[in-house]
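1. Generate a structure from the sequence data that follows.
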Amino acid sequence: MNKEDLSPEFLELLKSVTEKRPKQVIDHILEHGYITQEDLQEKYGYTHGPRAAKDVRDKGIPLETFRVKSSNGRSIGAYRFGDFSKVRNGVLGGRKVFSKEFKKELLDISGEKCNICHTCYEERYLQIDHRVPYEVSGDEKDFNDTKKYMLVCGTCNRQKSWSCEHCENWNNEKDPDVCKTCYWGSPEKYKHIALREMRRVNLVFERDEIELYKKLKKGAEKDSYPIDEYIKNILRSK
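-> Down below sits the predicted model:
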């Protein structure tokens with residue numbers, strides 16, 4: 001899609017983006033037609049390309065992902081503007097900003113811990129997450145409904161982003177009901193993980209539990225198993 005093909009409304013939206021990372025992505029696509037993960041890393045220093053693309057999508061700007069060959073012949077991801085006419089109401093305006101009071105409500109519900117890995121964090125390390133990804137639902141109509149959000153740590157948020165960006169529903173169907181039954185949207189009760197029939201357990205050992213971890217690790221090494229497989233073997237023997 002050439003710059004000349006973009007509508008004045010779309011160009012105005014692109015022009016409104018001033019934050020450094022999404023603006024660099026937008027300006028590069030306007031000049032070259034697309035941007036590759038290699039461009040993002042080598043020209044702009046962004047080692048996680050999908051995160052930079054997500055910054056643009058968060059502004060309500062549709063991006064399509066496709067594959068190209070890198071300078072050394074590897075297959076890598078690239079991004080170009082999507083069909084502006086398919087942008088839905090609510091997504092176009094970009095994310096709304098959450099208030100401190102709303103985050104406190106979520107903290108009162110779940111405490112200072114990540115809702116996915118259950119690790120305790122200081123409040124400042126927890127992020128408000130749309131249970132149904134913003135790219136699928138846009139901002140919820142009832143912006144103050146705490147049931148539609150949860151607090152997650154940065155690590156789990158990045159894992160969710162990667163998993164969602166590789167999900168057929170996230171990329172094409174965009175059915176909120178599918179996300180509501182996904183682990184990443186409802187870790188408390190789910191039927192699939194990004195459409196794959198899977199179940200997941202996050203185990204974090206802290207403080208006094210470190211000795212238990214060492215014991216498991218020692219047993220796993222003795223039996224020549226990865227520690228997660230070793231734990232499964234223990235459960236199978238019960």
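
2. any idea how far Ser110 is from Lys180?
-> To Lys180, Ser110 is 18 Å away according to C-beta to C-beta, to the nearest Å. Using the backbone N, CA and C atoms, a C-beta is placed for each residue, glycine as well.

3. Asn169 too?
-> Asn169 sits 11 Å away from Lys180, taking C-beta to C-beta as the criterion.

4. Can you name every helix or strand that the helix or strand of the chain with the lowest mean pLDDT contacts?
-> Ranking every helix and strand in the chain by mean pLDDT, DSSP states H and E puts helix 134-137 at the bottom, with a mean of 78. Here helix 134-137 touches helix 176-180, going by 3 or more C-beta pairs under 8 Å, 6 or more residues apart in numbering; DSSP states H and E.

5. please redo it, this time with the cut-off set to 10 Å
-> helix 49-57, helix 154-165, helix 176-180 (3 or more C-beta pairs under 10 Å, 6 or more residues apart in numbering; DSSP states H and E).

6. In CSV: the ones you listed, plus mean neighbour count.
-> Output for the helices and strands packed on helix 134-137, formatted as CSV (neighbours: other C-beta atoms under 10 Å):
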stretch, mean neighbour count
helix 49-57, 21
helix 154-165, 17
helix 176-180, 17
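
7. got the contact list for Glu197?
-> Glu197 is in contact with Lys191, counting by C-beta atoms under 10 Å, 6 or more residues apart in numbering.

8. oh, I was asking about Val152
-> Taking C-beta under 10 Å, 6+ apart, one finds 110, 113-117, 121, 126-129, 131, 158-160, 184, 187 in contact with Val152.

9. In terms of helix, strand or coil, where does it fall?
-> Recorded secondary structure, Val152: strand (DSSP: H, G, I helix; E, B strand; the rest coil).

10. Who is it paired with across the strands?
-> Gln127 (DSSP bridges).

11. and the helices and strands packed on helix 134-137 as TSV, adding mean pLDDT?
-> Shown next, in TSV, are the helices and strands packed on helix 134-137 (pLDDT from 0 to 100):
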stretch	mean pLDDT
helix 49-57	83
helix 154-165	88
helix 176-180	95
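
12. Residue ranges in this structure under the pLDDT threshold?
-> 1-4, 85-97, 138-143 (pLDDT under 70).

13. So which residue is dead centre in this structure?
-> Nearest residue to the geometric centre of the chain (C-alpha atoms, centre = their mean): Ser161, 1.6 Å.
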